[in-house]
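Undergrad: Can you look at this prediction? I've put the sequence above it.
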Amino acid sequence: MMNKMIVANVVHRPIRSVISVVAIAVEVTLILVIVGLSLGILNDSKRRQAGIGADVLVRPPGSSFFSGISGAPVSIKVADVLRKVPHVVAVSPVITQVSTGSQIEVLYGIDLPSFESLGNPFRYLEGGPFEGPDDLIIDDYYAAAGKVKVGDRVELLNHSFRVVGIVEHGKGARKFMSITTVQELVAAQGKASIFYVKLDDKKNAEAVVQHIKSIPGMETYSVQSLEAWLSLMVFDNIPGFSVFLNVVIGVAVCIGFIVIFQSMYTAVMERTREIGILKSMGASKGYVVNVVLRETLLVAVAGVLTGIALSFLVRAAIQQNFPTLRVEIPAGWILRATLIALTGALLGAAYPALKAARKDPVEALAYE
């Protein structure tokens, strides 16, 4: 009987119910899409670093733990020092440069033979390797996003490059140029930003890391095994991300709370006589509170389901229009967003429910 009454109350006010459902859906979608984008970009970066094939990363002193965010402050001759370390079978110096054109991205200037000697050579989908100093290799995601083909010209670092190859994604960056060309363009001749080191066995990674740090002049370098670097790439280590995420969740909860509060408060005011009838028939305060909260829960569940569906639609739209952006929506965050939305909705309905329960039946029946 109670369930029929609750459903009837929701259906009787379709506009208000739809607004409440949409508000909660927006709350859930906001959380899941922001988290999905952040997690997708983070995990995509991790996969691309792992895909290079290196076992140890060596970066200049003071470098960010984000690979590629460093500039080119050290001599490329560091690679010769690293090649003499026991268990090292290949070293590839890379110069990275952050491009802030239509989007923020990290460009890789590479020595192609040594880069491919790390163990995972490029798999060309179209074209082939560098043929000249102004050649550019791109991955398939960037090619799809920009509708770029072999032979097209791309403007980077105020310089025109010719696309000579399109490779499968997952090898560090999305755009690769000759290391000497990038050095000249950024006035960093003979320098590199990061050194990728391949070992005879990745089990020797920690021993190699300690050996490199003991070399005179290398004590202050950032030297990490790939496994250690991957373990650092989590939300908690991203500067300001936890604060940003908490602000997003706070805003989302406020949206749901305010809309549910307004909706249920207005509904209680409009149903004063109905509540009076229920109480005159013996309904307890707990019964009235239960009716209001269960009605809120019904609306909230509909909003959560709509929000989850909308999140996946937004993810599909983002990846269709921006192939280089990855969006991952894990089950754990779906559950977390659901609990946040339901809790916010029930808190928003708590005061209206208590106000309804405190109504005097005689006054409520006399209400016009």
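TA: Yes, it's here. Numbering: from 1, shown residues only.

Undergrad: Just the mean pLDDT for the host helix or strand of residue 260, thanks.
TA: Assigned by DSSP states H and E, residue 260 falls within helix 241-270. Averaging pLDDT along helix 241-270 yields 74.

Undergrad: Check what pLDDT the residue nearest the centre of the chain gets.
TA: The residue lying closest to the centre of the chain (C-alpha atoms, centre = their mean) is residue 38, at 1.4 Å. pLDDT for residue 38: 82.

Undergrad: Quick check: it touching residue 245?
TA: Yes: using C-beta atoms under 8 Å, residue 38 is in contact with residue 245, at 7.5 Å. Glycine gets a C-beta too; all of them are placed from N, C-alpha and C.

Undergrad: Run a quick neighbour tally on residue 304.
TA: 24 (other C-beta atoms under 10 Å).

Undergrad: Am I right that it sits in a helix?
TA: Yes: Residue 304: assigned to a helix according to DSSP: H, G, I helix; E, B strand; the rest coil.

Undergrad: tell me the domain boundaries of this protein?
TA: Annotated domains of the chain cover 2-44+239-365, 61-220 [automatic domain parsing].

Undergrad: Give the buried residues for stretch 170-184.
TA: 170-179, 181-183 (16 or more other C-beta atoms under 10 Å).

Undergrad: scratch that, stretch 223-237 is what I was asking about
TA: Of all the residues in stretch 223-237, those buried under the rule 16+ other C-beta under 10 Å are 223-226, 229, 233.

Undergrad: Could you list everything the closest residue to residue 104 other than its chain neighbours pairs with in the sheet?
TA: Using C-beta to C-beta, 6 or more residues apart in numbering and skipping the chain neighbours, the partner closest in space to residue 104 is residue 98 (6.7 Å). When bridges are called by DSSP bridges, residue 98 pairs up with residue 106.

Undergrad: wouldn't residue 98 be in contact with residue 105 here?
TA: Yes: taking C-beta under 8 Å as the definition, residue 98 is a contact partner of residue 105 at 7.4 Å.

Undergrad: hmm, back to that, who wins for proximity to residue 53 among the domains of the chain?
TA: Closest of these to residue 53 is domain 61-220, at 3.3 Å (criterion: C-beta to C-beta).

Undergrad: so how far is the first residue of that closest one from its last?
TA: Its first and final residues considered, domain 61-220 spans 5 Å by C-alpha to C-alpha, to the nearest Å.
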